[in-house]
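In: Dropping a prediction and its sequence here:
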Amino acid sequence: MKLPYILRLADDALIIGQRLGEWTGHGPILEQDIALTNAALDHVGRARSLYQYAAEVFNQLPKEEQLACFTSAAIQDKIRTGAVIDEDTLAYLRDGWDFKNVLLTERPNIDWAYTVARGLFLDTFNFLYFTALSKSADATLAAIAEKSLKEVTYHLRWSSEWVIRLGDGTDDSHEKMQQAINDTWAFTGELFIATDYEAAMTAAGIAPDLKLIQQQWTARVQEVLDEATLSAPADAWMQQGGKAGTHTEELGYILAELQFMQRTYPNMQW
C-alpha cells in the first residue's frame, strides 16, 4: 500500500509542475512569468524526491509483485532483465492509467483566472496536507513534507492574492474569476475521497486524515472567496477517478509531451 501512496503524491507534483511550466514565456507580465516558472520547478523538485523514494520501495519488492505493479511494456522488460527501476522510469515510462494524480492537476490552464482558481484549491490543500504529513510516522515522507512547506506556503499566498485581486477587481475580472471558480469546483472533491491505499496509510499513521484536511480546507478557501467577493458553487456533485488511474484526455496530452524524449530514445541519460 505504501508504493501507490507515494506515487500518488509524486504524480500530483509532476503533473501540476508540467501544467504550470506551460506558462513559461507566456505569463502576462515578466514577474508573474518567473513566479509560475519557479512554482513549476518547486513541484517537479518535490516529485523527484518522491519518485526516488518510490523507486527505493519498488526495488525492495519481490519480482512477482513488481511485475504486477505496472502494465507498461517498457517497465516490464526492465524488471525481467533485472534492471534497477529509478525515478526516471517511474516518471517517464509508466502509462497514463498507472498515474494516480487527482484530476484537478491535469486541468488545462485555459486562461489566467482558471490557473489561479486551480492554484487556490490545490495550494490550500497542499499547505494543509504537507503540514500534517510533516508529522508522519514515515520519516522520509515527513522530511519531504517539511522541506516542501516553505514552497507550498508561498504558492498559497500567491494564488490567494491573485484570486482576491481578480475577484474584487473590475466587473470583467470578477466575472471571469467567478466563472473559473464555478468550472473548477467539481474537481476539488476528489482531493478528500480516500482510496484504499490512502485509508491504509492513514490507519498506519503515515498519511493525514483527509476528513480533517477537508474541514480546514473548506474554511480557508471560503475566507479567500469572501474577501474576493466570490462564491462557491452550490452543486455538490464532484468528479473523481484520477487516484484510481481513470483520467481525462488531458493527461494523455501532458504525458505525450513529458515522456517523448525518454520513449523515443530509450535509456538516455541527462
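Out: That came through, no problem.
In: now what about the lowest-mean-pLDDT helix or strand in the chain, what contacts it?
Out: In the chain, the helix or strand scored least confidently by mean pLDDT, DSSP states H and E is helix 260-264, which has a mean of 85. Contacts to helix 260-264, defined as CB atoms under 8 Å, 6 or more residues apart in numbering, come from residues 74, 88, 92, 93, 268. The C-beta positions use only the backbone N, C-alpha and C, and glycine is treated the same way.
In: how far away is the second one from residue 82?
Out: Shown here: residue 88 relative to residue 82, a distance of 17 Å by CB to CB, to the nearest Å.
In: Which of the two has more residues huddled nearby?
Out: Just comparing residue 88 and residue 82: by other CB atoms under 10 Å the higher neighbour count belongs to residue 88, 16 against 7.
In: Check which residues of the helix or strand harbouring the more buried one are buried.
Out: Assessed by DSSP states H and E, residue 88 sits inside helix 87-92. Neighbour counts over helix 87-92 (16 or more other CB atoms under 10 Å) mark 87, 88, 89, 90, 91, 92 as buried.
In: Please enumerate the helices of the stretch 101-250 of the chain.
Out: According to DSSP state H, counting those that start in this stretch, the stretch 101-250 of the chain carries its helices in the segments 112-133, 139-167, 171-184, 196-203, 210-227, 249-258.
In: among those helices, which is nearest residue 49?
Out: Of all these, it is helix 139-167 that lies closest to residue 49, at 5.0 Å by CB to CB.
In: Does anything pack onto that closest one? Which helices or strands?
Out: Under the contact criterion of 3 or more CB pairs under 8 Å, 6 or more residues apart in numbering; DSSP states H and E, helix 139-167 touches helix 30-59, helix 112-133, helix 171-184, helix 210-227.
In: how distant is the longest one from the center of its chain?
Out: Computed by CA atoms, centre = their mean, to the nearest Å, the separation of helix 30-59 from the middle of its chain amounts to 10 Å.
In: could you point out which element follows that helix?
Out: helix 63-67.
In: Flag every buried residue along that next one.
Out: So for helix 63-67, counting by 16+ other CB under 10 Å, buried means residue 66.
In: what about residue 143, how many neighbours?
Out: 14.
In: got a pLDDT number for residue 201?
Out: Note for residue 201: predicted pLDDT of 97.
In: got a list of what it touches?
Out: 1, 2, 5, 207.
In: try 6 Å
Out: Listed by CB atoms under 6 Å, 6 or more residues apart in numbering, the contact set of residue 201 reads 5, 207.
In: can you check residue 198 too?
Out: Counted by CB under 6 Å, 6+ apart, residue 198 has contacts residue 207.
In: thinking again about what came up before, by pLDDT, rank the contacts of helix 260-264 and give me the bottom one.
Out: The member of these with the lowest pLDDT is residue 268, at 71.
In: Tell me how many other residues surround that one.
Out: Residue 268, neighbours per other CB under 10 Å, totals 11.
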